[in-house]
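Peer 1: Quick one, structure for this:
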Amino acid sequence: MRMLKLFLMLHVLSGIGLVSAQTVSGERSTPNVIIIMADDMGYGDIGYHDNPFIETPELDALAVQSAVFSNFYVSPVCAPTRASLLTGRYNIRTGVFDTYSGGAIMATEETTIAEIFKSQGYNTGMFGKWHLGDSYPSRPQDQGFDTSVWHLSGGIGQIGDVFNYYKYDRSYFDPMLYKNGEIFQSEGYCSDVFTNEAIKFIEQQNGQPFLAYLSFNAPHTPLQVPERYEKIYTNTKISSEYFNNRGVYSHIMSGEDIKAARKVYAMVSNIDDNIGRLIKMLKAQNLYDNTIIIFMTDNGPEQHRYTGGFRGRKGQVREGGIHVPFFMKLPQNIQHNKVVSVAAAHIDVLPTLAGLCGIGLNKGTDLDGLDLGKFIGSEAQSLSRPLFFEWQRSFPEKYRNMAVIRDGYKLIGNVNKESGLDQFELYHLVEDPFETRDISKENPGILKQLKDELDAWYDDIMKSPHINNLPRIIIGSDEEVRTVLNRNDARGMQLIWDDDQMHVSWDLSIVKAGNYKVVCHFRNPVPKTGQMFIRFGIQNFTRDINEKDLQTIVFDKVFLNEGDCSLDGWFLAKDITHYTPFYIEIVQL
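Peer 2: Numbering: from 1, shown residues only. All right, here's what the predicted structure looks like:
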């Protein structure tokens with residue numbers, strides 16, 4: 001597997017030469033890069049986008065100094081966006097199709113922006129939410145990051161984050177993390193911790209170019225925030241009715257929505273302060289002028305709140321779910337226009353950054369995204385190409401929650417694969433950015449063209465090797481002696497979240513035959529005596545359990561054969577009630 005990845009990476013990078021970015025003044029330099037991403041923060045969760053309630057002075061100031069991409073798109077949910085951001089490819093190609101149920105594991109053969117920049121002399125660091133596989137070979141350090149500080153699963157304290165799950169409403173404070181492969185007890189609020197680690201990484205570079213990926217898990221639920229930030233919004237009067245800047249009605253917020261909005265705004269204000277600290281450090285280190293800083297978010301808001309007028313929210317392919325902020329602060333002597341209006345997306349970030357940093361990608365590099373650098377310094381803002389979006393709690397199904405955008409038109413499918421053209425929606429975003437008037441009946445030609453393009457794209461991505469042969473967790477490698485298999489990376493029904501009795505399994509590749517210790521942890525103590533079963537493919541192991549209220553059951557030594565297999569386990573009580581492990585540890589002996 002490692003040799004295959006090395007071969008693929010060399011193939012992709014062949015022909016790439018490190019050419020320092022040519023600036024307008026004729027000087028040559030190697031820009032540093034910082035990508036900042038917030039989690040579940042929508043287009044409207046920032047003062048720069050006319051939110052009348054939130055305070056984001058640092059982000060507002062960054063936007064003023066940046067090229068602002070006014071039509072920037074991501075996937076409707078987090079893991080797919082992250083896979084596309086790091087690879088420049090649609091997430092389905094990478095093996096990522098969901099946020100859990102094993103759908104958030106990115107294939108190790110994918111070549112990431114970290115691997116590309118690292119091969120060209122950059123030191124690379126990742127801090128915060130990873131959400132692309134919690135075990136070897138899909139961890140940040142396996143995908144090109146020299147330094148990494150990150151949490152398990154899709155969120156701190158979620159079912160897959162076994163280290164912080166039992167902290168409940170305090171999981172965002174002093175979280176247990178992974179730091180360069182080792183368990184790390186942090187101190188402080190999570191967003192502060194990740195910023196501190198990013199700052200420390202940058203300060204240690206001593207003139208070496210760097211790429212830093214600061215990926216906040218806030219303001220994702222649970223909505224936990226330091227009290228001093230929460231107090232900022234305690235008395236904020238948030239209207240339950242929203243209208244966009246054209247006077248078009250958007251939606252009504254419930255009392256719970258308003259309560260959640262206050263906490264979200266507090267979490268965003270904390271992020272804003274941390275971005276301010278980061279920028280202050282860059283200026284003190286004389287790095288700011290030669291650093292590209294990107295700020296973006298991974299999808300729209302989870303709850304109903306101000307969206308700038310866009311319909312929809314997280315999980316939906318309407319504008320509110322996929323149209324997000326994107327600011328790119330460029331090195332000081334690169335001239336740029338204030339607003340870049342071409343439709344851009346997460347898949348464009350890798351090739352655009354490579355172009356700005358003088359890294360020439362081989363023409364054979366299999367990217368879906370484009371280098372949009374020419375639009376940053378030009379008044380010409382015309383680009384004709386389709387952008388595609390989809391998401392559901394499983395593999396893509398025609399035409400369920402799918403959209404395509406091209407030349408200002410947007411086709412939306414919230415129907416099934418048997419549906420006719422008359423059941424699709426069509427909007428002209430140039431004239432109607434808030435999707436208020438379906439024009440499908442007046443434009444049958446455009447409707448059919450976009451649907452044909454959606455069909456062709458679907459057929460193409462569903463042939464991708466990594467979606468047809470999903471990534472496996474490797475057991476027996478020297479890179480990971482102790483593997484933690486959590487529910488986020490387990491495969492099964494899309495309801496496996498925290499059910500004690502739902503069957504789950506993990507797809508493994510045992511690369512070294514030998515003896516292993518297997519530890520089965522349950523979310524709650526198993527209340528009865530019975531038998532514990534674990535099954536690695538056709539290898540079955542059983543233990544009789546005669547004690548009550550066990551929460552951990554250990555197989556001290558099992559011999560595992562080499563090869564691919566699925567692992568499942570269950571405790572069967574004498575009354576035939578069964579219980580599924582919360583997580584399983586496998587330790588090489």
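
Peer 1: doesn't Q303 make contact with G44?
Peer 2: No. Contact criterion Cβ atoms under 8 Å: G44 and Q303 do not qualify, at 11.7 Å. Every residue, glycine included, has its C-beta placed from N, CA and C.

Peer 1: Show me the common contact partners of these two, please.
Peer 2: Here G44 and Q303 have no joint contacts, going by Cβ atoms under 8 Å, 6 or more residues apart in numbering.

Peer 1: Now do the contacts for P471.
Peer 2: 95, 105-108, 133, 138, 507.

Peer 1: Can I get these in CSV including pLDDT and distance to N206?
Peer 2: Shown next, in CSV, are the contacts of P471 (pLDDT from 0 to 100; distance: Cβ to Cβ, whole Å):
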residue, pLDDT, distance to N206
G95, 97, 37
I105, 98, 35
M106, 98, 31
A107, 98, 34
T108, 97, 31
G133, 97, 32
S138, 98, 31
D507, 97, 42
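
Peer 1: Quick check: strands, which of these are part of them?
Peer 2: D507 (DSSP state E).

Peer 1: From G413, how far off is E397?
Peer 2: For E397, the distance to G413 (Cβ to Cβ, to the nearest Å) stands at 10 Å.

Peer 1: Between those two, which has more neighbouring residues?
Peer 2: G413 (22 against 13; other Cβ atoms under 10 Å).

Peer 1: wait, that one sits on S419?
Peer 2: Yes. The pair G413 / S419 is scored as a contact, 7.4 Å apart, by Cβ under 8 Å.

Peer 1: if we can go back for a sec, save the contacts of P471 as TSV, and put in neighbour count and distance to L567 too.
Peer 2: Formatted as TSV, those follow (neighbours: other Cβ atoms under 10 Å; distance: Cβ to Cβ, whole Å):
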residue	neighbour count	distance to L567
G95	28	18
I105	29	14
M106	26	20
A107	25	19
T108	23	19
G133	26	16
S138	24	16
D507	18	8
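
Peer 1: Redo the contacts of P471 as CSV? Include distance to G377.
Peer 2: Converted to CSV, the contacts of P471 look like this (distance: Cβ to Cβ, whole Å):
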residue, distance to G377
G95, 36
I105, 38
M106, 33
A107, 35
T108, 36
G133, 37
S138, 37
D507, 46
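
Peer 1: which one of the contacts of P471 is nearest F163?
Peer 2: G133 (16.4 Å; Cβ to Cβ).

Peer 1: Look up the closest residue to that closest one, ignoring the ones flanking it.
Peer 2: I105 (4.0 Å; Cβ to Cβ, 6 or more residues apart in numbering).

Peer 1: Give me the distance between that neighbour and G125.
Peer 2: Applying Cβ to Cβ to I105 and G125 gives a distance of 22 Å.

Peer 1: And D134, by the same measure?
Peer 2: Taken as Cβ to Cβ, the span from D134 to G125 is 19 Å.

Peer 1: Could you list the domains of this structure?
Peer 2: Here the domain parsing of the chain from automatic domain parsing is 2-376, 387-467, 473-588.

Peer 1: and these, which is most packed in?
Peer 2: domain 2-376 (a mean of 21; mean count of other Cβ atoms under 10 Å).

Peer 1: starting at the chain centroid, how far to that domain?
Peer 2: 8 Å (Cα atoms, centre = their mean, to the nearest Å).

Peer 1: Three-state assignment for F555, please.
Peer 2: strand (DSSP: H, G, I helix; E, B strand; the rest coil).

Peer 1: Not counting sequence-adjacent ones, nearest residue to it?
Peer 2: Per Cβ to Cβ, 6+ apart, closest to F555 is V518, 4.3 Å.

Peer 1: my read: that neighbour touches Y583, true?
Peer 2: No. Contact status for V518 versus Y583: not in contact, 11.6 Å apart, counting by Cβ under 8 Å.

Peer 1: pLDDT of stretch 488-498, averaged?
Peer 2: On average, the pLDDT along stretch 488-498 is 81.

Peer 1: Identify the residue nearest A79 in space, chain neighbours excluded?
Peer 2: A104 (3.8 Å).

Peer 1: And the helices in the stretch 201-350 of the chain?
Peer 2: 227-230, 255-284, 319-322, 349-356 (DSSP state H, counting those that start in this stretch).

Peer 1: could you say what helices and strands the last one packs with?
Peer 2: Which is helix 349-356. Helix 349-356 sits against helix 78-87, helix 113-119, strand 291-297, helix 373-376, with contacts defined as 3 or more Cβ pairs under 8 Å, 6 or more residues apart in numbering; DSSP states H and E.

Peer 1: F163 is nearest to which of those?
Peer 2: helix 78-87 (19.3 Å).

Peer 1: got the angle between the closest one and helix 349-356?
Peer 2: Helix 78-87 and helix 349-356 are oriented at 20 degrees to each other (axes from the mean of the first three to the mean of the last three Cα atoms, to 10 degrees).
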